[in-house]
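# Here is a sequence together with a model predicted from it:
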Amino acid sequence: MSTADAPAESFPPPGHDWPEMLPGWVWLAGAGPGDPGLLTLHALNGLRQAEVVVYDALVDNRVLDFARKDAELIFAGKRGGKPSAKQRDISLRLVELARAGKRVLRLKGGDPFVFGRGGEEAQTLVQHGVPIRIIPGITAAIGGLAYAGIPVTHRDVNQSVTFLTGHDARGEAPAAIDWHSIAKGSQVVVVYMGLRTLGELARQFINAGRSPDEPVAIVQDATLPGQRVLETTLIRAADDVAAAGLVPPAMVCIGRAALMRRALAWWQDESPTDLDPLGRGRPAEEP
């Protein structure tokens, strides 16, 4: 029996006081970076109860298979450079569905509050008197990189990490970023939605003092069967992405943490190529 055909009462499992989705409520949930196994139990509980699921472009179809059989599935994806629903229309559609007494699940890729505009949608709902529940998800900067064998923090590499969007409201490299502060203060930077502006991002970081030879890893379709990973350097990143034909969605990891992939690559039967990529010269268990 597939998970989609299993009895609804078996998902989520018993033994916990799982919340009930009431009519007129909207739950904003993260679907994780792609692999349906990374869905949280609270999100799964929402999928099993929702009469309407409003989902984004980055939500894997296998996640939608968990929805109740009679649920209405509404696509509300937004992809850069492609025709997309307007954010205002999406937010007000959620209000309309809730006022109609529907049990609504707003399902977003990754985490709804990490570059997902979940905060805007939640605020719209609250301002219109719609009760909400927030269900965090595994964001791609953590879960997606983990599937590439890259820890966003490592004691020998960094004591800070910065999550950065690759474009602003104009669709261009962010203009309000203090590049020098990030370049100096954050050993590892993870960029969402940054392929199209990668050349400009690299230029800004190099001008702000980062080494042109700093390790970079780009992960396309993270956690999915078609995941691809490109290892490069900051100065070569944009050219290498173009040569490799990488396309969104993709995450960009800038910093020496990217080197750890050489030891920790595991997804789809990958094997380590260097057991000491940081050059510590001693076993990992030794301080």
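Great, that's in hand.
# May I have the residues that are in contact with the residue nearest the centre of the chain?
In the chain, the residue lying closest to the centroid (C-alpha atoms, centre = their mean) is A140, at 2.9 Å. A140 sits next to 33-34, 109-110, 192, 222, 249, 251 when contact means C-beta atoms under 8 Å, 6 or more residues apart in numbering. In this view, the C-beta of every residue, glycine as well, is placed from N, C-alpha and C.
# what about P277, how many residues close to it?
Counted by other C-beta atoms under 10 Å, the residues lying close to P277 total 18.
# does it really touch R262, like I thought?
Yes: contact criterion C-beta atoms under 8 Å: P277 and R262 qualify, at 4.2 Å.
# Show the contacting residues for the closest residue to the residue nearest to the centre of the chain other than its chain neighbours.
Leaving aside its chain neighbours, A140 sits nearest to P33 (4.1 Å; criterion: C-beta to C-beta, 6 or more residues apart in numbering). The contact partners of P33, by C-beta under 8 Å, 6+ apart, come to 109-110, 138-140, 143-144, 147, 222-223.
# among the contacts of A140, which two are most distant?
G34 and Y192 (14.0 Å; C-beta to C-beta).
# Tell me which of the two has more neighbours.
G34 (27 against 21).
# so who does that one touch?
When contacts are counted by C-beta under 8 Å, 6+ apart, G34 touches 58, 60, 109, 140, 144, 221-224.
# tell me the mean pLDDT for stretch 31-40?
Stretch 31-40 shows a mean pLDDT of 97.
# From one end of that stretch to the other, what's the distance?
End-to-end distance of stretch 31-40 (C-alpha to C-alpha, to the nearest Å): 8 Å.
# in which helix or strand would I find V54?
Here V54, judged by DSSP states H and E, is contained in strand 52-55.
# in the stretch 1-150 of the chain, which spans are strands?
If DSSP state E, counting those that start in this stretch is used as the criterion, the strands of the stretch 1-150 of the chain fall at 26-30, 52-55, 72-75, 104-108, 132-135.
# Can you list the strands that the third one pairs with?
Strand 72-75 has the following strand partners under DSSP bridges: strand 52-55 (parallel).
# Measure how far the strand it pairs with is from the centre of its chain, please.
Strand 52-55 sits 18 Å away from the centroid of its parent chain (C-alpha atoms, centre = their mean, to the nearest Å).
# Would you mind listing the outside residues contacting it?
Here strand 52-55 makes contact (C-beta under 8 Å, 6+ apart) with 31, 47, 64, 67, 71-77, 90, 93-94, 97, 102-108.
# Helices of the stretch 151-287 of the chain, residue ranges please.
Here the stretch 151-287 of the chain has its helices, by DSSP state H, counting those that start in this stretch, at 179-185, 198-207, 237-244, 261-264.
# before we move on, the earlier item: make a markdown table out of the contacts of A140 and add distance to E285.
A markdown table is the format used below for the contacts of A140 (distance: C-beta to C-beta, whole Å):
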| residue | distance to E285 |
| --- | --- |
| P33 | 29 |
| G34 | 32 |
| G109 | 36 |
| G110 | 32 |
| Y192 | 33 |
| A222 | 28 |
| P249 | 36 |
| M251 | 29 |
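# show me where pLDDT drops low in the stretch 51-200 of the chain?
78-83 (pLDDT under 70).
# ok, the closest residue to R133 other than its chain neighbours - contacts?
Leaving aside its chain neighbours, R133 sits nearest to W27 (4.5 Å; criterion: C-beta to C-beta, 6+ apart). Taking C-beta under 8 Å, 6+ apart, we find W27 in contact with 21, 46, 50, 104-106, 132-135.
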